Every structure is written in structure tokens, then in C-alpha cells.
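**Q** coordinates only, sequence not included:
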Ligand SMILES: Nc1ncnc2c1ncn2[C@@H]1O[C@H](COP(=O)(O)OP(=O)(O)OP(=O)(O)O)[C@@H](O)[C@H]1O
């Protein structure tokens with residue numbers, strides 16, 4: 001399998017506190033990973049670094065086979081990597097505008113954009129909310145809109161930060177039902193989570209941040225070992 005992202009060393013500290021020092025690790029193209037670890041170990045920070053939202057000390061970074069630096073964050077990675085926050089921030093226009101915003105910025109023609117947005121909203125079960133004020137959505141609806149907004153961009157790497165946290169009952173089930181479909185699309189996905197149902201998804205590689213290191217666990221359901229952390 002092709003490596004999408006390779007990092008020889010990734011080091012993050014806040015003041016004197018070393019949060020993690022990871023060396024080396026790689027993410028395969030089209031592979032799904034679940035990132036676990038105790039509260040505060042740095043899962044969100046790691047995803048934010050990969051998304052270019054936070055700086056870190058890095059060396060030996062390659063993305064899609066090209067050597068890159070993460071500061072300044074490369075445009076090619078900005079275009080290819082989408083981060084979905086556990087509390088997604090929405091523009092206060094409409095749900096449909098939010099789902100289509102990234103495509104609009106990319107200059108997608110209106111007719112095509114409308115079609116893609118319709119399909120994504122149907123996929124996420126939020127078509128009925130198309131004209132709604134995003135500020136009035138429930139947590140589960142917001143997360144599903146955020147997943148639709150990410151999906152339309154067809155990212156090479158999708159980073160999901162605790163997609164089911166703070167959700168329960170039907171809202172959680174609805175988000176859980178979307179995730180396997182995202183994993184089938186050929187996108188590399190990394191999900192930070194504590195949710196056992198996500199951690200147990202078949203074919204997903206488990207990685208764990210512990211004591212500032214990234215450990216690789218087995219792939220679920222006894223599949224062959226993968227080259228996640230080499
Ligand atoms: N800007 C910052 N300055 C100082 N410390 C920070 C900053 N951002 C995060 N931290 C600290 O870094 C640690 C890791 O935070 P992070 O949110 O990445 O953890 P997490 O593993 O995602 O936690 P959780 O499972 O609770 O979401 C925490 O102790 C947090 O307080």
C-alpha cells in the first residue's frame with residue numbers, strides 16, 4: 001500500500017511540558033485509523049498539527065511522495081487534508097451554504113456545486129435542514145453537516161476529532177452509521193475517539209498515544225499487520 005504521509009519525527013511541547021515525541025510514523029493511502037489515548041494525552045493536538053492548525057517540531061515529512069515542511073503549512077496539504085472538529089464551527093448563513101462553502105472557494109461551477117451539495121446532504125440525512133440556521137442545529141445534526149461538508153471536498157486525509165463525543169441515543173447512532181461509508185471511499189481517515197463502536201470498526205488500524213509515544217495496535221478482526229508505525 002502507498003504511504004500518504006510519512007513523518008520521521010514529530011515533537012510537541014507546551015512550555016516545559018513535552019506532550020509527545022513521535023518517531024517515525026506513517027499513514028497509508030486509503031487506510032482507516034483510530035487514535036486512542038487517555039484524556040489530555042494529545043490526540044486533538046496531533047490531529048491539529050497534521051491539519052496545519054498548530055505548529056510542532058517536525059523533520060523528515062513527506063506527503064504524497066514529496067518532501068515538505070509543515071511551517072509554513074503547504075498549500076497541497078491544505079487542499080488535501082480536512083479536519084472535522086468535535087464541535088464544528090458553522091457560518092451563520094444556511095446549512096447548504098456551509099456544506100458547499102469549500103467547493104465555492106475552489107471555484108466549482110454553481111450547477112455542479114448544487115448537485116454535489118444535494119447529494120452530500122442526502123447522504124448525511126440533513127436535506128430537510130438545507131435552509132436552516134446552523135446555530136439552531138443540535139450537536140448530532142451539526143456533526144452530520146460537518147461530515148457532509150468534509151466529504152464534498154474529497155480529501156486525501158480526513159481527520160475526525162471525537163465525532164461521536166457528547167452525542168447519545170439516536171444522534172450518536174446516526175453519526176456512527178455514516179463513518180463506515182466514509183472509510184469505504186478510498187480516503188485515509190484518522191479518528192480520535194473513545195467510542196468503543198468506532199474503535200471496533202472492522203479493518204481499522206488502532207493507534208494509541210501513550211506517555212508521549214505512538215503505539216500501534218493490531219488491525220481489528222485479525223487482519224494482517226500493517227505498516228502504520230515503522
Ligand atoms: N495551547 C495550549 N497551551 C498549553 N497546553 C495546551 C494547549 N493546547 C492543549 N494543551 C494541553 O495539551 C494536552 C493535550 O490536549 P489535547 O486536547 O490534545 O488532548 P486529547 O488527548 O485530545 O484529550 P481529550 O481526549 O480529553 O479530548 C492537554 O493537557 C491540554 O491541556
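**A** Sure, I can see it. Note that the structure is predicted; figures quoted are calculated from it, not measured.
**Q** residue 94: what's it in contact with?
**A** Contacts for residue 94 (C-beta atoms under 8 Å, 6 or more residues apart in numbering) come out as 130, 131, 132, 133, 134. C-beta: built from backbone N, CA, C; applies to glycine.
**Q** show me which of the residues you listed are buried.
**A** residue 134 (16 or more other C-beta atoms under 10 Å).
**Q** the contacts of residue 94: which ones sit near the ligand?
**A** With C-beta under 6 Å from any ligand atom as the criterion, no member of the contacts of residue 94 is in contact with the ligand.
**Q** show me which of the contacts of residue 94 is closest to residue 27.
**A** residue 134 (30.6 Å; C-beta to C-beta).
**Q** direction included, what does the helix or strand of the chain with the lowest mean pLDDT pair up with?
**A** Lowest on mean pLDDT, DSSP states H and E among the helices and strands of the chain sits strand 213-219, with a mean of 83. Take DSSP bridges as the rule and strand 213-219 pairs in its sheet with strand 205-210 (antiparallel).
**Q** buried residues in the strand it pairs with?
**A** 205, 206, 207, 208, 209.
**Q** ok, the first one to residue 25 distance?
**A** Right, residue 205. Distance, residue 205 to residue 25, by C-beta to C-beta, to the nearest Å: 11 Å.
**Q** with the second one instead?
**A** Counting by C-beta to C-beta, the gap from residue 206 to residue 25 is 14 Å.
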